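>>> from the sequence below, what's the structure:
(chains A and B)
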Amino acid sequence: MSERNLLRSETRRLVANGAWPELNTLLLANESAARSHPELVRLLGEGLIRTGRAREARDWLAEALPRLQHTDDRLSLRMATVLSGAAYLELGELDSARRAFEATLELARYDRDEALVARAMNNLGIVANIEGRWDDAIALYTLAVTMHQRNGERRGLAECSHNMAITYRDRGELAEADDLERRSTEYAREAEQERLLALARLGRAEIALRRRDFALAAKAANRLSLEFERLDDRIRAADAIRLEGVASTGLRHFDRARALLDHALDISREIGALLNVAETLRARAELCEATGRMDEALADGRAALEAYRTLGATRESEALAAWMQQLESRDSI
Amino acid sequence: MTGPSLVVEALSDSFGTLWQELASDLELPLQVLEPATRAADAERTILLLAAGGAEATLVDAARRSAAQGLTFAAIAADADYRLAANVLRAGADQLFVLPRDLDLLRSWLKERCDALLARSRQRAFSQAQVSKFRFEGIFGASPALVHALERAARVIPHGSVTVLLTGETGTGKELFARAIHYNGPRREGPFVDINCAALPEHLLESELFGHEKGAFTGATVAKPGLFEVANGGTIFLDEIGHLALALQGKLLRAIQERSIRPLGGTRTVSVDVRIIAATHVDLASAVQRREFREDLYYRLNVLPIALPPLRERRDDILPLARHFLAQFADEYDVDAPALTPAAARALREREWPGNIRELRNAIERAVLLGNGALDESSFVPDLPAGEPAPVSGTLSDVIRSAVQRAIDAHGGNKSAAARRLGISRTRLQRILDGEQENGERDQNQKEDAS
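The predicted model follows:
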């Protein structure tokens, strides 16, 4: 077997075993061989994304895509294009992400790859939602759901329904959001996707919280924190603990709320989940405000604001800044 | 269900162990056939006609396989453009010349494999939906519901008849629509649902009919419309009463002509779909108020099915409640709580403005929070009255929160919530969308006054 064939066969073995870090090491050590082969180009892109090396994935794919366009390997071209969009999205480069997903959509439609059409639509929906273009997001998710339905792709249906629920929730339409999360749980259960099932349930707990049904939100979040721990998803476990903390504040169980939020913050800081840190600090600021500890509320609020700004979360940072302004003016009276 | 397999019709002895390698890469069972042996289950076969050194036999073999309705690729060790043209004309999907095109062959095999798996997944999904949305699964024995079920049963076999479902929010219009689709002749086709109130007019138009690249600012890629995607299946137009007048005209044309034209396009696309429309508003009154086109109303109102509110089918409440109790106890892996006589009375006596959706949510909540038995207090959310919300915010947040509570109190019915709050539905939607406080106040006041 030639050296190149050996490399490909070893790469495929690593993919089959989910050994993405090892795949990265192998292909980066054989970079020029990997560069010359479309399948290896996309697999290295995927490996880098899956191991959190989005910046490297973006640069690798940006350099490789023009070459892929001149090969006959359409599958690799399509997959590399969607992966480059995923890398941009991960890095918060939304314009580039949108362009990559639109290019994916065109390629997928041309090649009649319906599964990828659905995936591209879903990803474009995610970009639209982050940019606050909620109507666009719903339109894109609706099409993605339809395509997934045509393909009988339950996992995709669960993901899209969950994403669409988030948009409806952001628009304040909680009944629709709850219906969609419920649908997402059904599809996730049918697809035997435990993590997606727990995510949709976490979405429903968040909706209960927004409806001020604190008892339900606290109970559901408590169950879910255990579930995410079982699934070894510490980021989501911390999020569920934060949610239970916020619900406990609503129930005026202040000591429990404090303990939960401190715990959620510890986990979030330990794993470096900045969005979780920001959300938890904001929740703790609100708890402090509810218990009359204004100095602590302002300190936590300022730390949360800084984290939101680092993340570029404009909507959240503006809302928090307005809240803190009210707090400061009230405090100074 | 067995998955796809790689079948090679060997027209010569070339290529040695290549087929085993390819099959093993894709984890497919391999079958190597003598020439002219009939393979083939088209739904599960990835067929290669392999003719290294026997290229002259490829065209006949391709014709035979094409006649069987199989998708296949031809393999040669050498081919000129004439052979390529003849093989493709005879029905081959691709011609690969090995070893030069080996990587392309691998990609083609992977795509074929994915396509066959997708087709079998799609079929399994449709079958699962058929059993999930059986009419027998719709609970209730009240005369109004039985009447609705009888009407649905009449329309099901006629896959092109338009259906209009009416009823309050939460009465199960979508469940009925799915049941009609998955029990009817279009069950193998897609079921596409769209809430006409969820999108502004220009987006809804593009969503329904699609658009070409450059049709409007922001149309950077061509997009298919839901009518096109629903071809062969059913399109469910929920909240049809909220469709803008201009769009009503386009929908009418789509129904009459069974074709649509994407925005910015010149081509006309034929569509073969059943339309199921649903509304909680009185369309006949909307016609009188000139808010809904009369011609469209008559087109949709071919076979109206009215779904009764829960308060008009009180005898169905307890069987439904018991069904939900068992369902959620199973889902949350807890013992099904007992329904005390007091709880049963409370369930029967409540008005349930949000209908079945509200009942289901109440039972789910009670199961999740309950401790053994359910009494009348189990179905009332224990919100701490008068306490500040943990998520505080601006005046807009407070207004939005009040609007949301009104919507929840009316079981998700925004029109009812708007009436209760004394504002227009449009304004209510704008508040939910986060309207600009100052800039739109004057306009809002005008709308509320109208």
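>>> where do the helices sit along the stretch 1-150 of chain A?
For the stretch 1-150 of chain A, applying DSSP state H, counting those that start in this stretch gives helices covering A:3-16, A:20-29, A:31-35, A:38-50, A:54-68, A:74-90, A:94-110, A:114-130, A:134-151.
>>> export the ones you listed to TSV and tack on distance to B:Arg360 and mean pLDDT?
Bear in mind the C-beta positions are built from the backbone N, C-alpha and C, glycine included. As requested, those are arranged in TSV below (distance: least, CB to CB, whole Å; pLDDT from 0 to 100):
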stretch	distance to B:Arg360	mean pLDDT
helix A:3-16	43	85
helix A:20-29	42	95
helix A:31-35	53	92
helix A:38-50	39	93
helix A:54-68	41	94
helix A:74-90	36	93
helix A:94-110	36	93
helix A:114-130	27	93
helix A:134-151	22	92
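>>> just send these back as JSON lines, with mean neighbour count and distance to chain B too.
Converted to JSON lines, the helices of the stretch 1-150 of chain A look like this (neighbours: other CB atoms under 10 Å in any protein chain shown; distance: least, CB to the nearest CB, whole Å):
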{"stretch": "helix A:3-16", "mean neighbour count": "15", "distance to chain B": "6"}
{"stretch": "helix A:20-29", "mean neighbour count": "18", "distance to chain B": "16"}
{"stretch": "helix A:31-35", "mean neighbour count": "14", "distance to chain B": "13"}
{"stretch": "helix A:38-50", "mean neighbour count": "24", "distance to chain B": "7"}
{"stretch": "helix A:54-68", "mean neighbour count": "18", "distance to chain B": "12"}
{"stretch": "helix A:74-90", "mean neighbour count": "24", "distance to chain B": "5"}
{"stretch": "helix A:94-110", "mean neighbour count": "20", "distance to chain B": "5"}
{"stretch": "helix A:114-130", "mean neighbour count": "24", "distance to chain B": "6"}
{"stretch": "helix A:134-151", "mean neighbour count": "25", "distance to chain B": "5"}
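>>> rebuild those helices as TSV, extending it with distance to B:Ala402.
Converted to TSV, the helices of the stretch 1-150 of chain A look like this (distance: least, CB to CB, whole Å):
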stretch	distance to B:Ala402
helix A:3-16	53
helix A:20-29	49
helix A:31-35	59
helix A:38-50	44
helix A:54-68	42
helix A:74-90	36
helix A:94-110	33
helix A:114-130	25
helix A:134-151	21
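>>> so which strand or helix has the residue of the stretch 101-250 of chain B found nearest chain A?
The shortest separation between the stretch 101-250 of chain B and chain A is 2.9 Å, found at B:Phe125 (distances taken as CB to the nearest CB). Using DSSP states H and E, B:Phe125 sits within helix B:102-132.
>>> give me the angle between that helix and helix A:38-50.
With axes from the mean of the first three to the mean of the last three CA atoms, to 10 degrees as the basis, helix B:102-132 and helix A:38-50 are set at 50 degrees to each other.
>>> now the helix or strand just after helix B:102-132: buried residues?
Next along the chain after helix B:102-132, taking DSSP H and E as the criterion, comes helix B:143-155. Along helix B:143-155, the positions that meet the burial threshold by neighbour count (16 or more other CB atoms under 10 Å in any protein chain shown) are B:144-145, B:148-149, B:151-152, B:155.
>>> quick check: what element follows helix B:143-155 along the chain?
Past helix B:143-155, further along toward the C-terminus, the next helix or strand under DSSP H and E is strand B:163-166.
>>> please see if the helix or strand that comes right after that following strand touches chain A.
Following strand B:163-166 in sequence order, the next helix or strand is helix B:173-182 (DSSP H and E). No - against chain A, helix B:173-182 shows no contacts by CB under 8 Å from any CB of the partner chain, the least distance being 8.7 Å.
>>> how distant is helix B:173-182 from the center of its chain?
Relative to the chain's own centre, helix B:173-182 is displaced by 11 Å; criterion: CA atoms, centre = their mean, to the nearest Å.
>>> so what secondary structure elements neighbour that helix?
Using 3 or more CB pairs under 8 Å, 6 or more residues apart in numbering or on different chains; DSSP states H and E as the contact definition, the elements that helix B:173-182 packs against are helix B:102-132, helix B:143-155, strand B:163-166, strand B:191-195, strand B:234-238, strand B:274-279.
>>> need the contact list for residue 163.
Picked chain A for this. Residues in contact with A:Asn163 (CB atoms under 8 Å, 6 or more residues apart in numbering or on different chains) are A:122, A:125-126, A:129, A:137, A:141.
>>> wrong one, I was asking about chain B
The neighbours of B:Val163, taking CB under 8 Å, 6+ apart as the test, are B:152, B:155, B:177, B:180, B:274-277, B:302-305.
>>> can you redo the residues you listed as a markdown table with pLDDT?
Formatted as a markdown table, those follow (pLDDT from 0 to 100):
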| residue | pLDDT |
| --- | --- |
| B:Ala152 | 93 |
| B:Val155 | 93 |
| B:Ala177 | 95 |
| B:Ile180 | 95 |
| B:Arg274 | 95 |
| B:Ile275 | 96 |
| B:Ile276 | 96 |
| B:Ala277 | 97 |
| B:Val302 | 88 |
| B:Leu303 | 87 |
| B:Pro304 | 93 |
| B:Ile305 | 95 |
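>>> buried subset of those, written for PyMOL?
One line in PyMOL is enough to select the buried members of the contacts of B:Val163, burial here meaning 16+ other CB under 10 Å:
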select buried, chain B and resi 152+155+177+180+274+275+276+277+305
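>>> tell me the one among the contacts of B:Val163 nearest to B:Leu88.
For these, the closest approach to B:Leu88 (CB to CB) belongs to B:Arg274, at 37.6 Å.
>>> and the pLDDT for the nearest residue to that closest one once chain neighbours are set aside?
By the measure of CB to CB, 6 or more residues apart in numbering or on different chains, the closest residue to B:Arg274 outside its immediate chain neighbours is B:Thr234, 4.5 Å from it. We note a pLDDT of 96 for B:Thr234 in this prediction.
>>> what do you get for the one 3 residues further on?
At B:Leu237 the predicted local distance difference test score is 96.
>>> contact partners for B:His202?
Residues counted as contacts of B:His202 (CB under 8 Å, 6+ apart) are B:Phe216.
>>> any idea how far A:Ala322 is from it?
31 Å (CB to CB, to the nearest Å).
>>> equivalent analysis for B:Phe135, please.
Counting by CB to CB, the separation of B:Phe135 from A:Ala322 is 52 Å.
>>> now swap in B:Gln404 and tell me
From B:Gln404 over to A:Ala322 (counting by CB to CB), the distance is 19 Å.
>>> compare neighbour counts for these two and give me the winner.
Neighbour comparison, B:Gln404 and A:Ala322: the larger count goes to B:Gln404, with 20 against 14 (by other CB atoms under 10 Å in any protein chain shown).
>>> grab the nearest non-local neighbour of A:Thr71.
Take A:Thr71 and drop its neighbours on the chain: the residue closest to it by CB to CB, 6+ apart is A:Pro38, 5.2 Å away.
>>> so the one you found sits against A:Gln69, correct?
No - taking contact to mean CB atoms under 8 Å, the distance of 10.3 Å between A:Pro38 and A:Gln69 leaves them out of contact.
>>> noted, bye for now.
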